[in-house]
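Colleague: here is a sequence together with a model predicted from it:
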Amino acid sequence: MRKAIFKNFLIAFLLPIPRVLMSSVLSQIFHGLMLGVLYSLIASGYTLIFGVLNVVNFAHGDVCILGAFVLMTGVLILAPLSITLGSWYFILFLILITITVTGGLGIVIERLTVKPFRKVGHMPLFLGSVAVAFIIREVIKHLYPDGANPKQFPIILTNLKFQWLGVDIRLSNLIIIAIAAALFISLFTFVNKTKIGLQIKASSEDIDAAQMMGVSLNKTYAAIYFIASCVGALAGILNGIYFQIMQYNMGVITGIIGFSAAIFGGLGNVYGAIIGGLILGFVESFTVAFVPGGTPYKEVFAFIIVIIFLALKPSGILGKKFIEKV
Amino acid sequence: MLRNYKKMRVIVVAFAVTLFSVLSTADLTWAAKKVVKIGNIDPYTGPAAALGLGMRNSMDLHIRQANASGKFPNYEIQLVTLDDASDPATGVAMATKLGSDPDVIGVSAHYNSPVALATVHIFHRFGLANVMSCAVHPDIIRGNDYNEITRIIADIPAEQAFGGDFVIGKYGYKNWSVVHDTTAWGKSRFDWFRKDLESRSGTKIQSVDGVTTGTKDFRPLLTKIKGLKPDAIFAGLVIQEAALLKMQMHELGMDHILFYGTTGIDSETFNEIAGKAAEGAIIIGQPQVSPDSDFAKTYKAAGYAEPYEAYGPFAYDATGIILEGLRRFGPNRKAIVDYVADPAFEYNGVTGYIKLMNRQTKTGGLRMKVSQDGKWVPFEKSEYATGKRKLPGK
């Protein structure tokens, strides 16, 4: 009798503990996944441009934020349309407009800061992208109403939430993951199955040979910047939906982390960008959750891991070794 | 004779032209008003811009009124506005710029404590009075004996003791988690919160986490805190981070845990960002200026794009103090410094009666506020005080 009572007491006392721990660990995994997905989206923009053009576009983080602000401007101006179109169609319309406008701005950036310096060297390209980043931030700050202050991002997806295995999940988070997954699949399909995608791939492998086969460099460069800016705009929008806040200078830190994820995964490899982003997201999340006093150092931990890994494999997780004959 | 006349005419005309040229470009300030400047250095950009712009506008309002009042017939008073962007290095550069300008007779500078800590030595070196309407780190005043630095609002120790009497003493929140930013201000907030908490029995801090300014994602941290089951979270954060923390608390189902913040988030921008998630948040608030007061009406009539926020009335009074010094002693930096630092100094402003002890005020009209229906409401006037709504966990 006493043994039975003791056994039941142990079961009643011990059973909840793994459940609580499990829901906490699952929650942290989910947070890391969300962060990682957002980093991967930003990293893929960097890697798209570098993979073909051998150019690091330091303005990409700010292009992502610009995309978010274009959507916010669209909400301000076009809000009455939501009554005519219905909210879902309006949101879809807004996102399409935002992506297209930001993609178009990407082409403008390429024409003004990349095309004139393609044959000059990397330093002017680097300086050009830094200048563009600065200009984007200042334009948002001065042209968007009260642009210097943080803004609540418009609530364009549902705020419904539920619990699964003790993990609090917003439906909008699942939608973000779904959109990101669809985007990565679309990118893969585009690069490998479409004519322009194959031209881009050919240019990345051997730009001179591609030209000799009739690939137009101007169109290829413009297409890359357009696609990367579209991806960046979507990344900015999803960032805004997840964090529900936007500020003109968020592109600085976002860009640094996204760029680091791209390098970590292997610059030029989209799969590498995804893996790099996910790993950074998990490292940050787990550092906060499980390292005592680790909260203020989450980015430090993430970057230490990046540095150690790059010291062992400089080309990144999925990057290829680059051999230059001299 | 005729030749002499012509020669004389040429000389007279030449003399007249020369005299006219000299007089038209001469500095005739002895007949015009002397330009006198009052400086404002606050964040007009960045996470605290809402508060900085409110203070700037309030100072501008007082100076316009002073110029129009006729009380300063010999002076044209100008406001010099500089943005420190909440950055200490920028603040030092701006303070040096103001100190180097001999027309600047006094300033009211800095919302952020780290910036104020960096510039105290600059203002002391230039002998320029900084009548502070914000920046509550105790070391700004207590860490030196510079008569140039005075403050007309309560500092962190006073605030924390005041807030502790409410949340711990009156409402009995005993088990705490702390989230603070890693700036000097945030660390000081935590230090003085801890000291106040430890002075009260039955209390416990279950976790302490520092976050860097600009942190957006608090979910991993809040998930960890949720597992510890505290009664309340003390947020030593500024507006953006605090709003995100509260939003994500709501998202993670932590509405039963009290969110307790400081005067640093006494701004409607917090409620705008956090939205419905802000409901039930408690802060130590600055004295409220009535919307029916002359200050509020005049500010509204002036048509500024930004509201005056929590610290605008203090900035208005800080300007009034410098102007009073100008009226009494003229544009004399040292005299104005000595006037404000004098133990006998007192001033009646829109925020009430101001009396400094050791160059700063004590509690100075602090009051607890609660976020109710998207606005900060003085607690005693809220539905939480009457019992119609319940505080988290109660």
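Modeller: Yep, that arrived.
Colleague: next, count neighbours for residue B:305.
Modeller: Residues near residue B:305, counting by other Cβ atoms under 10 Å in any protein chain shown, number 8. From N, CA and C alone the C-beta is placed, and that goes for glycine too.
Colleague: next to chain B, which bits of chain A? Give me the list.
Modeller: For chain A, the residues in contact with chain B (Cβ under 8 Å from any Cβ of the partner chain) are A:20, A:24, A:27-28, A:31-32, A:34-35, A:141, A:146, A:148-152, A:161, A:163, A:168, A:170, A:243-245, A:247, A:250, A:253, A:284-286, A:288-289, A:293, A:295-296, A:299.
Colleague: pretty sure residue B:284 sits in a helix.
Modeller: No. When the secondary structure is assigned by DSSP: H, G, I helix; E, B strand; the rest coil, residue B:284 falls in strand instead of a helix.
Colleague: what is the neighbour count of it?
Modeller: A total of 26 residues lie near residue B:284 under the criterion other Cβ under 10 Å.
Colleague: cool, and residue A:307?
Modeller: The number of residues packed near residue A:307 is 11, by other Cβ under 10 Å.
Colleague: do you know how far it is from residue A:300?
Modeller: Relative to residue A:300, residue A:307 is positioned 10 Å away (Cβ to Cβ, to the nearest Å).
Colleague: check residue B:61 too.
Modeller: Residue B:61 sits 45 Å away from residue A:300, going by Cβ to Cβ.
Colleague: quick one, which of the two is more surrounded?
Modeller: Neighbours around residue B:61 and residue A:300, counted as other Cβ under 10 Å, are more numerous at residue B:61. The numbers are 22 against 13.
Colleague: please, which helix or strand holds the more buried one?
Modeller: helix B:49-69 (DSSP states H and E).
Colleague: buried residues in that helix?
Modeller: Within helix B:49-69, the residues scored as buried using 16 or more other Cβ atoms under 10 Å in any protein chain shown are B:49-63, B:65-66.
Colleague: hey, C-alpha coordinates of it in CSV?
Modeller: Output in CSV follows, covering the C-alpha atoms of helix B:49-69 (Å, rounded to 0.1, in the frame of the first residue of the first chain):
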residue,chain,number,x,y,z
ALA,B,49,13.0,60.9,-30.4
ALA,B,50,9.4,61.4,-29.3
LEU,B,51,10.5,62.7,-25.9
GLY,B,52,13.4,64.7,-27.3
LEU,B,53,11.2,66.6,-29.8
GLY,B,54,8.6,67.3,-27.1
MET,B,55,11.3,68.9,-24.9
ARG,B,56,12.8,70.9,-27.9
ASN,B,57,9.3,72.2,-28.8
SER,B,58,8.6,73.2,-25.2
MET,B,59,11.8,75.2,-24.9
ASP,B,60,11.1,76.8,-28.2
LEU,B,61,7.6,77.8,-27.0
HIS,B,62,9.0,79.5,-23.8
ILE,B,63,11.6,81.4,-25.8
ARG,B,64,9.1,82.7,-28.3
GLN,B,65,6.9,83.8,-25.3
ALA,B,66,9.9,85.5,-23.7
ASN,B,67,10.8,87.4,-26.8
ALA,B,68,7.2,88.6,-27.2
SER,B,69,6.8,89.5,-23.6
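Colleague: sorry, back to before: which of the residues of chain A next to chain B are buried?
Modeller: A:24, A:27-28, A:31-32, A:34-35, A:141, A:148-152, A:168, A:170, A:243-245, A:247, A:250, A:284-286, A:288-289, A:295-296, A:299.
Colleague: could you pull out the strands for the chain?
Modeller: Defaulting to chain A. Assigned by DSSP state E, chain A shows strands spanning A:151-152, A:161-164, A:167-170, A:245-246.
Colleague: let me rephrase: I mean chain B.
Modeller: Counting by DSSP E, chain B has strands at residues B:34-42, B:75-83, B:104-109, B:129-132, B:149-151, B:175-181, B:204-211, B:232-236, B:258-261, B:282-285, B:346-349, B:352-355, B:367-372, B:375-378.
Colleague: now do whichever helix in chain A runs longest: distance to the chain's middle.
Modeller: Residue-count comparison of every helix in chain A, with assignments taken from DSSP state H, identifies helix A:16-53 as the longest. On the basis of Cα atoms, centre = their mean, to the nearest Å, the separation between the geometric centre of helix A:16-53 and that of its chain is 11 Å.
Colleague: tell me who's in contact with the nearest residue to residue B:258 once chain neighbours are set aside.
Modeller: Excluding its sequence neighbours, the residue lying closest to residue B:258 (Cβ to Cβ, 6 or more residues apart in numbering or on different chains) is residue B:232, at 3.7 Å. Residue B:232 sits next to B:167, B:173, B:175, B:176, B:177, B:257, B:258, B:259, B:260, B:392, B:393 when contact means Cβ atoms under 8 Å, 6 or more residues apart in numbering or on different chains.
Colleague: next up, the contacts around the most centrally placed residue in chain B.
Modeller: With distances taken as Cα atoms, centre = their mean, residue B:134 lies nearest the centre of chain B, 3.2 Å away. For residue B:134, the contacting residues are B:42, B:51, B:55, B:110, B:111, B:153, B:311, B:314, B:315, by Cβ under 8 Å, 6+ apart.
Colleague: any idea how far residue A:305 is from it?
Modeller: 40 Å.
Colleague: quick one: residue B:44 from residue A:250, how far?
Modeller: Residue B:44 sits 18 Å away from residue A:250, going by Cβ to Cβ.
Colleague: before we move on, what about residue A:138?
Modeller: According to Cβ to Cβ, residue A:138 stands 14 Å off from residue A:250.
Colleague: for residue A:187, same thing?
Modeller: Where residue A:250 is concerned, residue A:187 sits at a distance of 24 Å (Cβ to Cβ).
Colleague: which of the contacts of residue B:232 count as buried?
Modeller: In these, burial by neighbour count holds for B:167, B:173, B:176, B:177, B:257, B:258, B:259, B:260, B:392, counting by 16+ other Cβ under 10 Å.
Colleague: closest one of the residues you listed to chain A?
Modeller: residue B:177 (11.6 Å; Cβ to the nearest Cβ).
Colleague: what is that closest one paired to in the beta sheet?
Modeller: residue B:207, residue B:233 (DSSP bridges).
Colleague: correct me if wrong: residue B:88 contacts residue B:117.
Modeller: Yes. In this structure residue B:88 lies within contact range of residue B:117 using Cβ atoms under 8 Å: 7.4 Å.
Colleague: those two: which has the busier surroundings?
Modeller: When residue B:88 is set against residue B:117 and neighbours are counted by other Cβ under 10 Å, the residue ahead is residue B:117, at 22 against 19.
Colleague: got the contact list for that one?
Modeller: Applying Cβ under 8 Å, 6+ apart, one finds that residue B:117 lies in contact with B:88, B:137, B:139, B:140, B:143, B:184.
Colleague: what parts of chain B come near chain A?
Modeller: B:44-47, B:49-50, B:182, B:209-212, B:214, B:216-217, B:219-221, B:223-224, B:227, B:239-240, B:243-244, B:247, B:251-253, B:269, B:272-273, B:275, B:305-306.
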